[in-house]
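Visitor: Output the structure for:
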Amino acid sequence: MIVIDHPLPHIEQPSEPTADPFLSRRRVLLAALGAAGGLLTGGCSSSMKLMGAPFSKPGSLLGSDGYALTNEQIDDIPYASMGVRIGGSAPVIMILANINGAKLHWASADRVVLITERGRLVKTIGMPRDLLSTRWTGADSLLPVLRRVPGTEDSRVGRIIDLRPKDDFSVPVESRCEWLGEETLTLVGRKRRTVMLSEHVKVEKWRWKAENRYWFDADSGLLLKSRQQYCPEVAAITMEVLKPAIEPPPDAV
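Guide: Numbers count the residues shown, from 1 in each chain. A predicted model of the protein is given here:
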């Protein structure tokens, strides 16, 4: 587990410089890891670089099946980190740059930021089409399904999202969640017993449907892996926890 030694400033515009020395150390680490990725891969293509933006060029991240760092090198990263894959792209590693309440800000070297709340992707910065905000219209349906609360086998919830560019505000999203069973995951060389849930997403306004999946640690209930898509223009984003941050357990919600 990673313990944050003091609060970091809220990241809303990651392109602006910050005087916070702790965040500056993280940016130095991002740059160093990006360089290390190039050294580790030798003559390999740019698809193997670490911490790069997932969308730098079409197809530039294709062709790799694993991280450029070894499990031991990932363990040595001094901050919480996660692996990110966009659609069928090669994976990159992002580190925890900021904590704002329950929201975790994960950053890449070129300042793409994914913001999660208990594993749910709720905001992005620097994507081809950004998720500006997420507002829930009820309690998150994943938790009662995870706990297998009677009567929640087909749990539903709604949310409202805003996107940009091609500004689209107050878009209603409906979702239905279901239990899929247990599955063993291997993350950074360690086997983890997980519970897998499915979320069927529908946006009537766009005539669009998608399926998100979530893998929760069977013991702690924390989200270890997910595949989430928030709009048809951006492929599903797969996120794997490589080194977890301190988060409140689901029962604290």
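Visitor: could you show me where the helices are in this protein, in order?
Guide: Under the criterion DSSP state H, the chain carries helices at the ranges 21-41, 71-76, 142-146.
Visitor: give me the number of residues near the closest residue to G158 other than its chain neighbours?
Guide: Nearest non-adjacent residue to G158, counting by Cβ to Cβ, 6 or more residues apart in numbering: T137, 4.1 Å away. C-betas here are computed from N, CA, C, even on glycine. The local packing of T137 (other Cβ atoms under 10 Å) involves 11 other residues.
Visitor: what comes up buried for stretch 124-133?
Guide: Residues of stretch 124-133 classed as buried by neighbour count (16 or more other Cβ atoms under 10 Å): 124-127, 129-132.
Visitor: Sketch out the low-pLDDT regions of this structure for me.
Guide: 1-68, 110, 141, 143-144, 147-155, 246-253 (pLDDT under 70).
Visitor: make it 50
Guide: Low-confidence segments of the chain (pLDDT under 50): 1-22, 28, 31-64, 252-253.
Visitor: Tell me who's in contact with W215.
Guide: 183, 185, 194-196, 223-226 (Cβ atoms under 8 Å, 6 or more residues apart in numbering).
Visitor: Please apply the same query to L163.
Guide: L163 touches 129-132, 169, 171, 230-231, counting by Cβ under 8 Å, 6+ apart.
Visitor: In strands only, show me the residues you listed.
Guide: Among the contacts of L163, DSSP state E puts 130-132, 169, 171 in strands.
Visitor: Export those residues as JSON lines, with columns for distance to I77.
Guide: Formatted as JSON lines, the ones in strands among the contacts of L163 follow (distance: Cβ to Cβ, whole Å):
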{"residue": "D130", "distance to I77": "26"}
{"residue": "L131", "distance to I77": "26"}
{"residue": "L132", "distance to I77": "29"}
{"residue": "F169", "distance to I77": "37"}
{"residue": "V171", "distance to I77": "36"}
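Visitor: so which of those comes closest to F216?
Guide: Nearest to F216 out of the ones in strands among the contacts of L163 is L131 (Cβ to Cβ; 22.1 Å).
Visitor: from what I can see that closest one touches I161, true?
Guide: Yes. Assessed by Cβ atoms under 8 Å, L131 is found in contact with I161 at 6.2 Å.
Visitor: intersection of neighbour lists for these two?
Guide: Listed contacts common to L131 and I161 are Y230; contacts here mean Cβ under 8 Å, 6+ apart.
Visitor: related to what we said a few turns ago, max pairwise distance over the contacts of L163: which two?
Guide: The most widely separated members of the contacts of L163, counting by Cβ to Cβ, are F169 and Y230 (14.1 Å).
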